[in-house]
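In: Here is my input, please return the structure:
(one chain, ligands or ions: 1)
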Amino acid sequence: MALREIITLPDKRLRLVSEPVKAVDAELRRLVDDMFETMYKAPGVGLAAIQLGIAQRVVTVDTSKKDEEKAPQVFLNPEIVWSSEEKGTYEEGCLSIPEYYEEVERPERVKVRFTGLDGKTQEIEANGLLATVLQHEIDHTNGTLFIDHISKLKRDRVIKKFTKAAKREAVE
Ligand SMILES: [Zn+2]
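Out: Residues are numbered from 1 along each chain as shown. Reported below is the predicted structural model:
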C-alpha cells in the first residue's frame, strides 16, 4: 500500500468524467488499497479515484465511527438507481476542498447499484450519512463537486480563494 497525493481545487482533473472499471485485476486492487490508506490518513469517510488523479469509477467509503471497528466498503461503477423525494441536509466537506464546509441538501435515501471487488453487481439502499457520502462520491465520478450544490455566490467565493492560494504556491 502507498499513500497518494489528493488533488485539490482548482485542479481541472476534478471536473473529468471518470471511465467505467472494466476488470478487477491486480492494478485495481492496488488502487483500492492505496485509496483506503490515503482516505484513512486524511482522514475522510469517502474517496473517489479521481481525487488521486485517476479517472476511474472507483469509490471507497467507511462511515464507521472512531470508536467502532473499521468498515471499508468498495463501490466500482456505482450509480444511483433511485432516490427519495424526502431530502436531508448535512454539512459536507471534501478532501479536495480542504477546510471548507457547507450545508448541502440531497435526497435522504438512495438506492445504489455497483460492482463489488468480487466482480458481482449488487444494490444497496442507504440513508443518513452513507446516503450523503455515496451521492457526494458518485458526483466525483461525474466531475461534480459538492460546491456545485450550494449558491453560486458561495461557490464563486470558494473557487476564487483556492485559485488565489494555488497561484501563491506556484510563485513561492
Ligand atoms: Zn469530495
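
In: In space, what's closest to residue 137 - neighbours in sequence excluded?
Out: residue 59 (4.2 Å; CB to CB, 6 or more residues apart in numbering). Every residue, glycine included, has its C-beta placed from N, CA and C.

In: For the one you found, the count of nearby residues, please.
Out: If you count neighbours by other CB atoms under 10 Å, residue 59 ends up with 29.

In: Need the pLDDT of it.
Out: Residue 59 is assigned 98 on the pLDDT scale.

In: Name the residues of stretch 160-172 that are buried.
Out: Buried positions in stretch 160-172, judged by neighbour count with 16 or more other CB atoms under 10 Å: residue 162.

In: quick check: mean pLDDT across it?
Out: Averaging pLDDT along stretch 160-172 yields 90.

In: Other residues contacting it?
Out: With contacts defined as CB atoms under 8 Å, 6 or more residues apart in numbering, stretch 160-172 is touched by 8-10, 97.

In: Take those residues and keep only those in strands.
Out: Within the contacts of stretch 160-172, residues falling in strands by DSSP state E are residue 97.

In: Now do the same contact list for the residue most central in space within the chain.
Out: Residue closest to the average C-alpha location in the chain (CA atoms, centre = their mean): residue 137, at 3.0 Å. Contacts here follow CB under 8 Å, 6+ apart; on that basis residue 137 touches 46-48, 59, 61, 75, 78.

In: What remains of the residues you listed if I keep only buried residues?
Out: 46-48, 59, 61, 75, 78.

In: Between the residues you listed, which sits nearest residue 33?
Out: Nearest to residue 33 among these, counting by CB to CB, is residue 47 at 12.1 Å.

In: Report the contact partners of the closest one.
Out: 6, 35, 38-39, 59-61, 95, 137.

In: looking at the protein, which helix or strand does the model trust least?
Out: Across the helices and strands of the chain, mean pLDDT, DSSP states H and E gives its lowest value to helix 152-171, namely a mean of 94.

In: how far does that helix sit from the chain's center?
Out: Centroid separation between helix 152-171 and its chain, computed with CA atoms, centre = their mean, to the nearest Å, is 21 Å.

In: Same question for stretch 64-74.
Out: 16 Å.

In: For it, buried residues please.
Out: Using 16+ other CB under 10 Å as the test for burial, stretch 64-74 gives 73-74.

In: Perfect, that will be all.
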